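**Q** what's the 3D shape of this:
(one chain, ligands or ions: 1)
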Amino acid sequence: MKISALQKARYEYQPKLPGMLRNGVENICVKEGKETESVADQAKIKALFPETYGKKEITFEKGKNTACAKPQVVGVILSGGQAPGGHNVICGLYDALKKANKGNKLIGFKGGPSGLIEDSFVEFDDAFIDAYRNTGGFDIIGSGRTKLETVEQFKVATEVCKKHGITAIVIIGGDDSNTNAAVLAEYFAQNKAGVQVIGCPKTIDGDLKNDDIECSFGFDTATKTYSELIGNIERDCNSAKKYWHFVKVMGRSASHVALECALETQPNICLISEEVELKKMSLSQIANQIADSVVARSKKGMNFGVAIIPEGVVEFVPEFKKLIAEINELLAGAKAEAFNALATWAEKYEFIKKGLSTESFNVFDILPQTIQQQLFLERDPHGNVQVSLIESEKLFSALVKDVLAKKKAAGEYNGKFNALHHFFGYEGRCAFPSNFDADYCYSLGYNAFMLIQYGFNGYLSKVSNLSKPADQWIAGGMPITKMMNIERRHGEDKPVIRKALVELDGAPFKYFESHRKEWAENTCYLYPGAIQYYGPAEVCDLTTKTLALEKGIKID
Ligand code: FBP
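**A** Down below sits the predicted model:
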């Protein structure tokens, strides 16, 4: 198979491990920390996880390995959306397994969690693993979004594990997948299945983080990739001086990706969904805020700019959320058929007008027609509007255009406004992992094996002190139940890992907030350029500004 020069070079890259894991598997011992309790709802979580609740946090350190060196057969699963570095988690896990005992085996379940239930697997060997070292993507075994959550699934999983002699399962996933990892761990423990479960924190969205997990893997590379593209757009924008670029970036609900890209590139506008929600902003208020920047810049002769829009923002606009809920209701069950039977958009529009409350119809009515139609065309399997498919970058540029037209008519603005649109998401999810992600992921995988060897169950592989060079990173494990609380999901109380949204009193947002006026009215663009893999550490190994600010490091 033909491979690129970079791919070949990356095969040879040696990921950096935390100092304490560098002494050989035989020289790693466990230091026990305190017993843990869940972040909230302690009694309820304890009752749901009697076997795995309250265990001690642990760190690894240099010392004689006292784990019982039983042969291990480990199964690994990639779960959910792709994130750069997933291959390296598997490589790190494989290398540690083989270092401990050449006879240890690693099995990859194909296509995500469903691979375990369907017993669709591959067994890794050196050649297989070597072809994926330090590369992006999840194509080594594929991924999927099937949830492992029912007792029936757990029973099948137990049988599959028995068949292969599996001693542990490593689940590489986001908050939901790791919640399910905790539930599976508890099931295995209660049923004395003899199978441990270890999770690894993955997602480009950056919303799996807390006091213990400093960041999920993939966030670093994905945001660097989008920031490179946004920086390039800014430079084009500042060269051509004739377009306003509206750039939507992935991240589902949380705005961590948008915020990090803003810190990296200093655009004129960046919306933060969490702020929109807190301030209960309306679509018009958001459009006015952007239009103010357009007008201020235009008065200085700059009819160009860049606005970053987080993927999930419309869901955080209270009036839009209400509109979506009413539309879902309006088209529930048989009513959808009556709607679909209407021949023209004009007839459909009347149907909608009659069905919505006046308040929601007024919101609907200010939307551009393409967006109005999207709300009725794109449905998920449950019949709900798929908010992530709404082209919010186009929605906001259209609303801004309307505001500017009014300002023009009132003699308040005399500029030009030509908008272009972009959506960056898939461009970053399978990029070659940055050195940070390559190192972090390899360490998470290697560390996951150490947790397995020492017999831990229901733990998340934890590598911390990440804003420091890798030799100072700290490796260990944290019971997943510590990160859980009870939340209402689909009408039921469920134990889940709390999703981390952008904290409006956190240092990254505060930094952005204190600079955004200047960025909105002037041209303060930063051009981060492409990810560098080879060269000085200060160019190649730096992680995100978000992490730096969270750790109290100055970024100016
Ligand atoms: P995970 O939470 O599974 O890591 O996925 C995140 C994500 O990349 C989001 O940013 C995005 O909204 C979503 O996946 C897209 O999903 P899909 O790959 O199914 O289109």
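**Q** what does the chain put close to the ligand?
**A** Near the ligand, the residues belonging to the chain are 80-81, 83, 174, 203-205, 250-252, 311, 388, 429 when assessed by C-beta under 6 Å from any ligand atom. No exception for glycine: its C-beta is placed from N, CA and C like everyone else's.
**Q** And for stretch 311-329, what's in contact with it?
**A** 248-255, 257, 271, 273-274, 276-277, 280-283, 286, 352, 355-357, 359-360, 363-364, 375-376, 383-385, 387-388, 390, 392, 395, 425 (C-beta atoms under 8 Å, 6 or more residues apart in numbering).
**Q** from memory Lys163 sits against Phe121, does it?
**A** No. Lys163 is beyond contact range of Phe121, at 10.1 Å (criterion: C-beta atoms under 8 Å).
**Q** For ChimeraX, what selects the buried ones among the contacts of stretch 311-329?
**A** A single ChimeraX command selects the buried members of the contacts of stretch 311-329 (16 or more other C-beta atoms under 10 Å):
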select :248,249,250,251,252,253,254,255,257,271,273,274,276,277,281,282,283,286,352,355,356,360,363,364,375,376,385,387,388,390,392,395,425
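**Q** Return the subset of the contacts of stretch 311-329 lying in strands.
**A** Taking DSSP state E, the ones among the contacts of stretch 311-329 that sit in strands are Lys248, Val249.
**Q** Just to be sure, which of the contacts of stretch 311-329 are found in helices?
**A** Members of those lying in helices (criterion: DSSP state H): 257, 273-274, 276-277, 283, 286, 352, 355, 359-360, 363-364, 375-376, 392, 395.
**Q** what are the ranges of the helices in the stretch 151-300 of the chain?
**A** 151-164, 175-190, 219-240, 256-265, 273-278, 283-299 (DSSP state H, counting those that start in this stretch).
**Q** Among those helices, show me which one is buried the most.
**A** Per residue and on average, the most neighbours among the helices of the stretch 151-300 of the chain fall to helix 256-265, with a mean of 28 (mean count of other C-beta atoms under 10 Å).
**Q** Could you list every helix and strand in contact with that one?
**A** On a contact count with 3 or more C-beta pairs under 8 Å, 6 or more residues apart in numbering; DSSP states H and E, helix 256-265 meets helix 219-240, strand 244-249, strand 269-270, strand 305-310, helix 507-521, helix 545-550.
**Q** quick one: that helix to strand 244-249, angle?
**A** 130 degrees (axes from the mean of the first three to the mean of the last three C-alpha atoms, to 10 degrees).
**Q** gap between helix 256-265 and the chain center?
**A** 14 Å (C-alpha atoms, centre = their mean, to the nearest Å).
**Q** got it, and stretch 4-23?
**A** That offset, for stretch 4-23, works out to 24 Å (C-alpha atoms, centre = their mean).
**Q** Flag every buried residue along it.
**A** Gln7, Arg10, Tyr13, Pro15, Lys16, Leu17, Pro18, Gly19, Met20, Leu21.
**Q** Checking my notes, the first one in a helix, right?
**A** Just to be clear, that refers to Gln7. Yes. According to DSSP: H, G, I helix; E, B strand; the rest coil, Gln7 belongs to a helix.
**Q** And the contacts of stretch 293-303?
**A** The contact list for stretch 293-303 (C-beta under 8 Å, 6+ apart) reads 241-242, 244, 268-269, 304-305, 307, 400, 404, 407, 412-418, 520-523.
**Q** One more pass at 10 Å, please.
**A** With C-beta atoms under 10 Å, 6 or more residues apart in numbering as the test, stretch 293-303 has contacts from 237-238, 241-244, 267-269, 304-305, 307, 400-401, 403-404, 407-408, 412-419, 516-517, 519-523.
**Q** Quick check on the residues you listed: which are buried?
**A** Of these, these count as buried by 16+ other C-beta under 10 Å: 237, 243-244, 267-269, 304-305, 307, 400-401, 403-404, 407, 413, 415, 417, 419, 516, 519-521, 523.
**Q** follow-up on the earlier one: take the helices and strands packed on helix 256-265 and lay them out in TSV including mean pLDDT.
**A** Converted to TSV, the helices and strands packed on helix 256-265 look like this (pLDDT from 0 to 100):
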stretch	mean pLDDT
helix 219-240	98
strand 244-249	98
strand 269-270	98
strand 305-310	98
helix 507-521	98
helix 545-550	98
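**Q** what comes up buried for stretch 340-352?
**A** So, applying 16+ other C-beta under 10 Å, buried residues of stretch 340-352: Lys348, Tyr349, Phe351, Ile352.
**Q** any idea how far the last one lies from Gly54?
**A** Ile352 is 53 Å from Gly54, where distance means C-beta to C-beta, to the nearest Å.
**Q** Ok, the first one next?
**A** When distance is defined by C-beta to C-beta, Lys348 is 56 Å away from Gly54.
**Q** cool, Ala131 as well?
**A** In terms of C-beta to C-beta, Ala131 sits 42 Å off from Gly54.
**Q** wait, Asp292 sits on Val403?
**A** Yes. The pair Asp292 and Val403 passes the contact test of C-beta atoms under 10 Å, sitting 9.1 Å apart.
**Q** What sits closest to the residue nearest the centre of the chain if chain neighbours are left out?
**A** Central residue of the chain (C-alpha atoms, centre = their mean): Asp205, 2.1 Å from the mean position. Distances taken as C-beta to C-beta, 6 or more residues apart in numbering put Gly251 closest to Asp205, at 4.8 Å, once the chain neighbours are dropped.
**Q** For that neighbour, give me its contacts.
**A** Gly251 neighbours (C-beta under 10 Å, 6+ apart): 203-207, 219, 222-223, 226, 257-261, 273, 310-313, 425, 502.
**Q** 8 Å instead, please
**A** Ile204, Asp205, Gly206, Asp207, Val257, Ala258, Pro310, Glu311, Gly312.
**Q** do Gln153 as well
**A** Contact analysis of Gln153 by C-beta under 8 Å, 6+ apart lists Ile117.
**Q** Quick check, Asp493 in contact with Ala47.
**A** No. Counting by C-beta under 8 Å, Asp493 sits too far from Ala47 to count as a contact (11.9 Å).
**Q** Any idea how many residues pack against Glu118?
**A** 14 (other C-beta atoms under 10 Å).
**Q** Which pLDDT value belongs to it?
**A** Glu118 is assigned 97 on the pLDDT scale.
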